[in-house]
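Asks: take a look and give me a structure for this.
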Amino acid sequence: MKVIVKFSVREELKALPLLLRHSPGMVLPERTYVIAEEAAAVLLDAGIRFTVVSKEARASGLKGEILGQRI
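Replies: Here you go, the predicted structure:
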């Protein structure tokens, strides 16, 4: 699962070495990153603070269901 996170300038500097090691993420403008949920857990364990902007939705696994379909 992917997580979109945003860092302060100071926290981004601390997070970059860990992000480079633990996540093939994507860098967006204004210190915003798309990273794996596991990488977010590593950052939290290291005491690095960030704001979660969004999380990827998981499929519920209902047979015949289409993501975004009204039920």
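Asks: CA only for contacts and neighbour counts going forward, please
Replies: OK.
Asks: could you report the neighbour count for the nearest residue to Glu12 once chain neighbours are set aside?
Replies: Distance criterion C-alpha to C-alpha, 6 or more residues apart in numbering; nearest residue to Glu12, sequence neighbours excluded, is Arg31 at 7.0 Å. Counted with other C-alpha atoms under 10 Å, the neighbours of Arg31 add up to 14.
Asks: surely Arg31 is in contact with Glu11?
Replies: No. With contact defined as C-alpha atoms under 8 Å, Arg31 does not count as touching Glu11 (9.6 Å).
Asks: quick one, phi psi at the residue nearest to Glu12?
Replies: Per-residue torsions, Arg31: phi 60, psi 40 (degrees, to the nearest 10).
Asks: tell me who's in contact with it.
Replies: Lys6, Phe7, Ser8, Val9, Glu12 (C-alpha atoms under 8 Å, 6 or more residues apart in numbering).
Asks: can you check the pLDDT for it?
Replies: If you check Arg31, the pLDDT there is 95.
Asks: one more: the one 5 residues further on?
Replies: At Ala36, the pLDDT value in this model is 92.
Asks: bridging residues for it?
Replies: Lys2 (DSSP bridges).
Asks: right, and it touches Val5 too?
Replies: No. The pair Ala36 / Val5 is not scored as a contact, 10.2 Å apart, by C-alpha under 8 Å.
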